[in-house]
Every structure is written in C-alpha cells, then in structure tokens.
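**Student:** Here you go, sequence then predicted model.
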Amino acid sequence: MTKRNWLREPLLHFLLLGWALFLLYHWVRGGETDAPREIVVTEARAEALAENFAKTWMRPPSAQELRGLVDDYVKEEVFYRESIAIGLDRDDTVIRRRLRQKMEFVSADVAESRQPTEAELQQFLDAHADKFVAAPMLSFQQVFVSTDRRGNVAQSDAEKLLAELQSGKGPTDPAQAGDPTMLPPSMEQATPQEIANTFGEAFSADVESAPIGQWTGPFESAYGLHLVRVATRTPAKQPTLAEIRPSVLREWQAAQRQQVNDAFYDSLRSKYDVRYEGELGKLLAPAPATAPAARP
C-alpha cells in the first residue's frame, strides 16, 4: 500500500478523530473527571429492563438478550456521566427544559398524592363558583328567509310569514314555510355559545331574549332572516358538588399542583443570589418605594 493510499484509509481518520476527542476531553477537564467510577446494575434495574422488553415483544428476553439490554444500559450510563462531567448539558435549551420538567414533576407527584376531603372540595367550589356555573339552555325552532333569494322583499316576506305562523295559518311543519337552508330547523337544549357557533353572536343574543311559546322575529344573521319560536329556556344555575364532583376535583388538583410547584420553586430560588449585568440590572431593578407625602 502506497503512502498516499494509506493516508486515505477511513480507519486512520476515525483513529485521529478519536484521539482528538480524547485530548479535547482531558483539556476541558484538566485531566480529571468528577464522574463516579462505579456503575451498579441492581436486580431491580435488570427486572425493569426485562419488563420493558416484554411489553414491546410480548415475551421475556433470553439470557443473551438480557445481557445486551444490560450492556446497553451500562453504555448509556457511561456516556451520561461523562457528558455531565465535561459539561455537555450546559447551555443546551432542550436538556435544560427537560430537566426543569422533571423537577416540576417531582413536586407535582407530591401534590397528586393527597386526596381532598369533601369539605375542601366544597370550599373550593364556593371560592370558584363562577368556574362551574351551568350555562343557560334554549330549545327553539327557526324558519329561514333568504335575503339572497328574495332581495329587497325579504323583510316584508318575513313579516308576512311571521303573521301566518302566529295565527296558525302556516304549514304543519314550519320549516316548509321558509327557504331551503343547510342550517338546522331547530336546536334542543343548546347553550348560547352553541347557538352563536351556528347562527352568530347577534342571533344568539336575540333568541336569548325572545319570548317563550310564540313565533317572533325576524332576527337577522349573516345568512339571512329568521323567524323563531323558543320552546323552553333553562336559566343558568350553580350546580351542587354532588353533580359536578369530578370537575371540581380536577380543578382542585390543578390548583394544588400549581401551589406546590410555586412553593417548591420558591424554596429552591431562595438558595441563589441572582445578579443582572449592565443595563439589564437597571431594567430589572425593583421600583423604589414611594415615600409618604409630608404632612403640612
């Protein structure tokens, strides 16, 4: 093999790269490492590896496969310790965010381990009653009059049709009295928001104030004109704890997690002094307390 061909060998390139990384590592660490020198693979760890394997492959690993799992765990642990030792975790946004999440999970586990009493849930419901108010419900029919189809006479046609419906002279099926539309001819036990999602906010407000049991209108929407008969209206109400206990429990747990997370962070934050450099210090400095006005 000629000298030129030897220099082109990929193996030589890998050896040189490995040697460069080795030198870089020792230069960064000053020839020393703080990584613990012992790796202990416990029986519990081996059982966890075997269990994960069984969940994936639907069978326990063989002795050779278990050895491969353990060897891979050891390799991962070696790379993890050495990467931490030379500071590869620093200034890495992804790693920083992941570690922050894991720390927050620690405090979240503490919050979720405690179950509230019925009295605590009732107290939470009373303190946050507005979160759990049941929205009003409406059931109504509507007859559509198309402004696109009828043009300038749409309003007068709608008023004429309204008079017929009020006097009982309209068709048996009121929907047949109007123009064809893809809009629903009626809605049952719908909230104002559900009505607004279908017909628009203005229409929902008009229907919410319409009288019960009689045809009224015409009410305008983005689609055209509507004649409406409200059948039932259920006002908003404050449900009892027994009726919405799962929802209250879920909100209580979320509030507890936030409270514990905040307290956990405050306890950690108190260990550090934070210094802001340059103009940032002026920008983030707390505002000076206002001195009380002197009395004459």
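**Tutor:** Arrived safely.
**Student:** show me where this protein has helices.
**Tutor:** With DSSP state H, the ranges of helices along the chain come out as 3-7, 10-29, 43-57, 63-85, 93-112, 118-127, 147-150, 154-167, 192-199, 201-208, 241-269, 279-284.
**Student:** Let me know which of these is the nearest to P174.
**Tutor:** helix 154-167 (6.2 Å; CB to CB). The C-beta positions use only the backbone N, C-alpha and C, and glycine is treated the same way.
**Student:** Okay, buried residues for that closest one please.
**Tutor:** A154, D157, A158, L161, L162, L165 (16 or more other CB atoms under 10 Å).
**Student:** And for stretch 202-214?
**Tutor:** So, applying 16+ other CB under 10 Å, buried residues of stretch 202-214: F203, S204, D206, V207, A210.
**Student:** can you redo these as JSON lines with pLDDT?
**Tutor:** As requested, those are arranged in JSON lines below (pLDDT from 0 to 100):
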{"residue": "F203", "pLDDT": "92"}
{"residue": "S204", "pLDDT": "91"}
{"residue": "D206", "pLDDT": "91"}
{"residue": "V207", "pLDDT": "91"}
{"residue": "A210", "pLDDT": "90"}
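**Student:** which of these lies closest to A119?
**Tutor:** Using CB to CB, the buried residues of stretch 202-214 come closest to A119 at S204, 38.6 Å.
**Student:** Distance check, the closest one against A222.
**Tutor:** Applying CB to CB, to the nearest Å, the value for S204 to A222 is 12 Å.
**Student:** Same check on A190?
**Tutor:** A190 is 18 Å from A222, where distance means CB to CB.
**Student:** which one of those two has more residues nearby?
**Tutor:** It is A190, of A190 and A222, that has more neighbours when counted by other CB atoms under 10 Å, with 21 against 9.
**Student:** Correct me if wrong: F199 contacts H226.
**Tutor:** Yes - the pair F199 / H226 is scored as a contact, 7.4 Å apart, by CB atoms under 8 Å.
**Student:** Count the residues that sit near the closest residue to W252 other than its chain neighbours.
**Tutor:** Ranked by CB to CB, 6 or more residues apart in numbering and with sequence neighbours excluded, the top spatial neighbour of W252 is F124, at 4.8 Å. Neighbourhood size, F124 [other CB under 10 Å]: 20.
**Student:** How about T93?
**Tutor:** 7.
**Student:** if I look at it, how far off is F53?
**Tutor:** 32 Å.
**Student:** What of V228?
**Tutor:** In terms of CB to CB, V228 sits 64 Å off from F53.
**Student:** quick one, which of those two is more surrounded?
**Tutor:** Here V228 and F53 are compared on neighbour count by other CB under 10 Å; more neighbours surround V228, at 23 against 18.
**Student:** Noted, bye for now.
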